[in-house]
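A.B. asks: Predicted model follows, preceded by the sequence.
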Amino acid sequence: MSVNDWVERLGGPDGLRRYRRSALASVGFFPVCEVGLWTLWAATTDAAAATRASVAVLGVAHAVIQMFLSRAALRHYLADGPRPGRLVVLYAAVTVAIAALGCVLLSAGRIDDRELSSCLLWLLMFYSGPTVLALPPRVGAVLVAAVTTGALAGAVAAGLSGSPLAVVISGTALLVPFLGAAFRATGWGVRLVEELVAARETQARLAVAEERLRFGRDLHDVLGRNLAVVAFTSELAARLARRGRPEAVEHMEEVQRIAQESQREIRSVVRGYRSADLHTELAGARSVLEAAGIECRIEYGPAARLPSDVQAAIGWVVREATTNVLRHAQGASRCTVSLSTAGPASALLVMENDGSADAPPGAGTGLTGLRERLTALGGTLTTEQRPGGIFRLTAHIPWEQAE
């Protein structure tokens, strides 16, 4: 499954915003876990009530700072806010304070080796993630390594040894880099999805712009030379007319001929733009949509058996609906085009996409023009927004009315 599919399954047309919210929620889940672990530590230790309370208060403060720092760090990573430098400093200070308190309590005999090892393991594990995300990779890694090394050195100096020391060293060597990489990967994933969506929107705009350029190029090729000849010939005819020369009539007749020829050529261009072959339109729709990053599945059905005017009308529907997907279906990743028969002598075209429309269904002159065109053939055009963020366009044309 691609990233696009995963995001769309997560939130449908609102996938990008939901993905960002889920990332914020995921980094906000770790402070809750830390509060639970500190509560468990205070409940299971044999230390005095004052010792348990002091460690618990600092631990909860550490978790609260982690919550604010994690969200601020993720926003900064996504270029939505400033670097939370003060929170980084405060977070490091509280981390060092808790580690120092644990070492003092161990040396004073108020807690044992097992209690200090679990305290340091949780503390350093949770410390690494927000710090690495908030700072540049090298700076964050150096700071996390310095705090971790200092805390372990202090524990050794306080008398931590044996299997508790081995547990905390091996645990921090595994969990500290893992959690730092997990936070970094979360930010990178959100940024990747945002860039992917932005690139798809750009592709859609380029596809529409390319079609406009093609039509403008055809018009220029048809009219450019003819208009230049008309301008030159009419100017020459005007000069000859001022002199009373009979040749002016011949030149004006030439202007008339060129104008009539230009009319025929421009009609041909417009006709080719507005009523192309149905198979060409279906293939073109697939090409344009896939170029814009939208998966397109087409079921041709009875396309080859339809009358020519019905094919032309359905081809126009496909063209206009494809343009609407590119322009208005924000976040679309899939589009389905299905052509089938509805009854013994009628054609049914259904186009569905999973993009959220930035205009009400049925709005705009394009769909109004489609309805007028199909009405002339006895057909109908309907649009609806279905559950799950699916937009459906349905065109129905009876064959008897078209023949």
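C.D. replies: That came through, no problem.

A.B. asks: could you pull out the helices for the stretch 101-250 of the chain?
C.D. replies: Under the criterion DSSP state H, counting those that start in this stretch, helices of the stretch 101-250 of the chain are mapped to 113-134, 137-158, 162-242, 247-274.

A.B. asks: What average pLDDT does the first one get?
C.D. replies: Yep, that's helix 113-134 we're talking about. Mean pLDDT, helix 113-134: 91.

A.B. asks: Export that helix to CSV, keeping only CA atoms.
C.D. replies: Provided in CSV are the C-alpha atoms of helix 113-134 (Å, rounded to 0.1, in the frame of the first residue of the first chain):
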residue,chain,number,x,y,z
ASP,A,113,20.0,-0.1,43.1
ARG,A,114,16.9,-1.6,41.4
GLU,A,115,14.8,1.5,42.1
LEU,A,116,17.6,3.8,40.8
SER,A,117,18.1,1.8,37.6
SER,A,118,14.4,1.8,36.7
CYS,A,119,14.2,5.5,37.4
LEU,A,120,17.2,6.3,35.2
LEU,A,121,16.0,4.1,32.4
TRP,A,122,12.6,5.7,32.1
LEU,A,123,14.1,9.2,32.6
LEU,A,124,16.7,9.0,29.8
MET,A,125,14.4,7.1,27.4
PHE,A,126,11.7,9.8,27.5
TYR,A,127,14.3,12.6,27.5
SER,A,128,15.8,11.6,24.1
GLY,A,129,12.8,11.8,21.8
PRO,A,130,11.7,15.5,22.1
THR,A,131,15.2,16.7,22.4
VAL,A,132,16.4,15.1,19.1
LEU,A,133,13.3,16.4,17.3
ALA,A,134,13.6,19.9,18.6
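
A.B. asks: could you check the angle helix 162-242 makes with it?
C.D. replies: Here helix 113-134 points in a direction 10 degrees away from that of helix 162-242 (axes from the mean of the first three to the mean of the last three CA atoms, to 10 degrees).

A.B. asks: Go through the helices of the stretch 101-250 of the chain and name the closest to residue 388.
C.D. replies: Residue 388 lies closest, by CB to CB, to one member of the helices of the stretch 101-250 of the chain: helix 162-242, at 18.8 Å. All C-beta spots, glycine's among them, are computed from the backbone N, C-alpha and C.

A.B. asks: Residue 199 and residue 293 touch, don't they?
C.D. replies: Yes - contact criterion CB atoms under 8 Å: residue 199 and residue 293 qualify, at 7.2 Å.

A.B. asks: So between those two, which is more surrounded?
C.D. replies: Set residue 199 next to residue 293 and count neighbours by other CB atoms under 10 Å: residue 293 wins out with 18 against 12.

A.B. asks: Give me the three-state assignment for the more buried one.
C.D. replies: Counting by DSSP: H, G, I helix; E, B strand; the rest coil, the backbone at residue 293 sits in coil.

A.B. asks: how far away is it from residue 282?
C.D. replies: Shown here: residue 293 relative to residue 282, a distance of 19 Å by CB to CB, to the nearest Å.

A.B. asks: just residue 387 next, same as before
C.D. replies: 27 Å.

A.B. asks: more crowded one of those two?
C.D. replies: The residue with more neighbours, out of residue 387 and residue 282, is residue 282; 22 against 6, by other CB under 10 Å.
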